[in-house]
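Q: Structure for the following, please:
(chains A and B)
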Amino acid sequence: NAGVTQTPKFQVLKTGQSMTLQCAQDMNHEYMSWYRQDPGMGLRLIHYSVGAGITDQGEVPNGYNVSRSTTEDFPLRLLSAAPSQTSVYFCASSSGMGQVNYGYTFGSGTRLTVV
Amino acid sequence: AQSVTQLGSHVSVSEGALVLLRCNYSSSVPPYLFWYVQYPNQGLQLLLKYTTGATLVKGINGFEAEFKKSETSFHLTKPSAHMSDAAEYFCAVSEGGGFKTIFGAGTRLFVKA
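A: Numbers count the residues shown, from 1 in each chain, chains lettered A, B, ... in the order given. All right, here's what the predicted structure looks like:
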């Protein structure tokens, strides 16, 4: 049982480049989220999804795009990378039932540097 | 909108001493509250959660937390610190148990021998 799998683990981008961070879970969780972690700021919610075909914005959505075509996958797209997007990105899925959140399972993260 | 405040970005205790990490929340509806732990270069792991019912909740590794509605607090405690408890701890809230979860800034726990 792999849980939540994020790829790549490390990435260096040039300013203006685009890329997709991949996230997949094999626990049949309906709910998935993307967070970024920056020193002293904790985790900030970027986008989340309550099921296939349904996404919504979190606290810091600008510069990021998501889609959810399947229950398993929730990719995060950086449209035009900026140095301010240098961060560690975490994907998480929830073991909720009946629209109640019982807590997240996190992936191991993607460390992104934009130069 | 919900929010979380963790008091103290760094806490240092001696091995065997009481661990107390403070968390206050704001929520317009009854909250679900969570504590997560993050070890270096790893993702976050759920320690414990409060949903409804008993206000004192027990988690893994000997940690527990008490939901106090009147104080809007959810402090994390452990009677006796162990060196392996050194990590960063995050408090989180979701309004009404919904899926949108907001995290605090985190508290790094140091354990001295």
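Q: Over in chain B, which residue gets nearest chain A? Let me know.
A: For chain B and chain A, the shortest gap (Cβ to the nearest Cβ) falls at B:Gly43, measuring 3.7 Å. Quick note: C-beta positions are derived from backbone N, CA and C, even for glycine.
Q: Please give the element, helix or strand, for the residue most central in space within chain A.
A: Against the mean C-alpha coordinate of chain A, by Cα atoms, centre = their mean, the closest residue is A:Trp34 at 2.7 Å. Per DSSP states H and E: A:Trp34 is located in strand A:31-38.
Q: ok so B:Val93 is a strand residue?
A: Yes: counting by DSSP: H, G, I helix; E, B strand; the rest coil, B:Val93 is located in a strand.
Q: Could you give the number of residues near it?
A: B:Val93 has 24 neighbours, counted by other Cβ atoms under 10 Å in any protein chain shown.
Q: wait, what's in contact with it?
A: B:2-4, B:25-27, B:31-34, B:101-102 (Cβ atoms under 8 Å, 6 or more residues apart in numbering or on different chains).
Q: please redo it, this time with the cut-off set to 6 Å
A: Counting by Cβ atoms under 6 Å, 6 or more residues apart in numbering or on different chains, B:Val93 touches B:2, B:4, B:25, B:27, B:31, B:33, B:102.
Q: remind me which residues of the chain are low pLDDT?
A: By default, I'm working from chain A. Along chain A, the parts satisfying pLDDT under 70 run over A:1, A:96-100.
Q: I was after chain B.
A: Using pLDDT under 70, chain B has no residue that qualifies.
Q: which bits of it sit near chain A?
A: Residues of chain B lying close to chain A (Cβ under 6 Å from any Cβ of the partner chain) are B:34, B:43-44, B:46, B:49, B:94, B:97, B:99, B:103-106.
Q: Same list, those, but as TSV with neighbour count please.
A: What follows is those, written out as TSV (neighbours: other Cβ atoms under 10 Å in any protein chain shown):
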residue	neighbour count
B:Phe34	29
B:Gly43	21
B:Leu44	28
B:Leu46	19
B:Lys49	21
B:Ser94	25
B:Gly97	19
B:Phe99	21
B:Phe103	24
B:Gly104	25
B:Ala105	18
B:Gly106	23
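Q: Closest to A:Ser18 out of the residues you listed?
A: B:Gly43 (24.8 Å; Cβ to Cβ).
Q: and the gap between the residue nearest to the closest one when sequence neighbours are not counted and B:Ala92?
A: If the residues on either side of it in the chain are set aside, B:Gly43 comes closest to A:Phe106, at 3.7 Å by Cβ to Cβ, 6 or more residues apart in numbering or on different chains. Per Cβ to Cβ, to the nearest Å, A:Phe106 is found 12 Å from B:Ala92.
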